[in-house]
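A.B. asks: No letters, just coordinates:
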């Protein structure tokens, strides 16, 4: 009975620890900073978190399989530039071009990792460099910034609102609900868990491990491209300097949300909570005013280190 209780407590800590931390942070911030609980601030929090949530959704699937995707930051920036350029040729071009190109790079990542057994770290690092180089080539090393016309229908995708909340928030929420359903309610989701939990055993059981890896990396690239397109629509331009370090932010929120870096366990809800926790911390640091914005990275790093150490202890 004691063993069962300990196991139950371990599961609760792994799955609900980030939620508890987020709840505490929100309550303390609400009581400490009057502006924190304002509707405008909450809208800004949700909007800024929506772009990262879309990227982190794909990263969740990748990490559960036991992999890693370092290319998403560069694909995010590349997707924004391609969307801004494509907006000159209509809404569909602006939306589909980054999805196809970034999804294609993700597909290549998946094929190399699944078919040649190359290390995900090396493959996606190469894709990071390739995507960033392609971005610089398209923009003449950042000298050209493609603008999205203010009267373009594409702008509405990033700046349109419902009850004051931007469209990207609802898009990210819908994708996360869909992602959670796929992960927990479909055979593909079970294959994702099996691949990360015990790959060799999964192969012996007939799980299509290679196909599963190809699909999750393709999904990760496509979602990074979509996040870039949404950002371009919101900023009305393809900003070339965004996305630096975004892959690390995505990995951090996924791990903080309870997904194991070693694979085999994780939830989409945990990732969303991780996004919320990081964004609340950043918002609080901004509201303090006397702290440099670099402290955001310091706090995020400390949180990530604590979570990884706790995960290791709980797994024992």
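C.D. replies: Noted; the coordinates are in hand. This structure is a prediction, so every number in the text was calculated from the model and none was measured.

A.B. asks: Now do the strands in the stretch 101-250 of the chain.
C.D. replies: Assigned by DSSP state E, counting those that start in this stretch, the strands in the stretch 101-250 of the chain fall at 161-162, 165-166.

A.B. asks: ok, residues contacting the first one?
C.D. replies: Contacts to strand 161-162, defined as Cβ atoms under 8 Å, 6 or more residues apart in numbering, come from residues 167, 170. Placement of C-beta: from N, CA and C, glycine included.

A.B. asks: Next: stretch 36-54.
C.D. replies: Here stretch 36-54 has contacts from 29-30, 35, 164-166, 168-169, 171-173, 175-176, 223-224, 226-227, 230-231, 234, 246, 249-250, 253, 271-272, 275-276, 278-280, 283-284, 287, using Cβ under 8 Å, 6+ apart.

A.B. asks: Would you mind listing the buried residues in it?
C.D. replies: 36, 41, 43, 45-54 (16 or more other Cβ atoms under 10 Å).

A.B. asks: average pLDDT across it?
C.D. replies: Average pLDDT, stretch 36-54: 92.

A.B. asks: same check, this time on stretch 189-207
C.D. replies: 93.

A.B. asks: Please list all residues in contact with the residue sitting nearest the centre point of the chain.
C.D. replies: Central residue of the chain (Cα atoms, centre = their mean): residue 56, 1.5 Å from the mean position. Going by Cβ under 8 Å, 6+ apart, residue 56 touches 250, 253-254, 271, 274-275.

A.B. asks: Residue 74 too?
C.D. replies: So residue 74 contacts 127-132, 135, 243, 247 (Cβ under 8 Å, 6+ apart).

A.B. asks: Can you tell me how far the closest residue to residue 279 other than its chain neighbours is from residue 261?
C.D. replies: Distance criterion Cβ to Cβ, 6 or more residues apart in numbering; nearest residue to residue 279, sequence neighbours excluded, is residue 49 at 4.4 Å. Separation of residue 49 from residue 261 (Cβ to Cβ, to the nearest Å) stands at 22 Å.

A.B. asks: Same question for residue 93.
C.D. replies: From residue 93 to residue 261 the distance is 38 Å (Cβ to Cβ).

A.B. asks: which phi and psi does residue 186 have?
C.D. replies: When read as degrees, to the nearest 10, the backbone of residue 186 gives phi -130, psi 160.

A.B. asks: Compute the number of surrounding residues for it.
C.D. replies: Using other Cβ atoms under 10 Å, residue 186 is surrounded by 11 other residues.

A.B. asks: for residue 162, same thing?
C.D. replies: There are 9 residues near residue 162, going by other Cβ under 10 Å.

A.B. asks: One more: the one 10 residues further on?
C.D. replies: Using other Cβ under 10 Å, the number of residues around residue 172 comes to 28.

A.B. asks: Setting aside sequence neighbours, what's the nearest residue to it?
C.D. replies: In space, residue 172 is closest to residue 50, 3.9 Å off (Cβ to Cβ, 6+ apart).

A.B. asks: and the gap between the residue nearest to residue 301 when sequence neighbours are not counted and residue 35?
C.D. replies: Among residues not flanking residue 301 along the chain, residue 252 sits closest, at 8.0 Å (Cβ to Cβ, 6+ apart). Distance of residue 252 to residue 35, given as Cβ to Cβ: 26 Å.

A.B. asks: who has more neighbours, these two?
C.D. replies: Remark: of residue 252 and residue 35, residue 252 carries more neighbours, 25 against 10, as counted by other Cβ under 10 Å.
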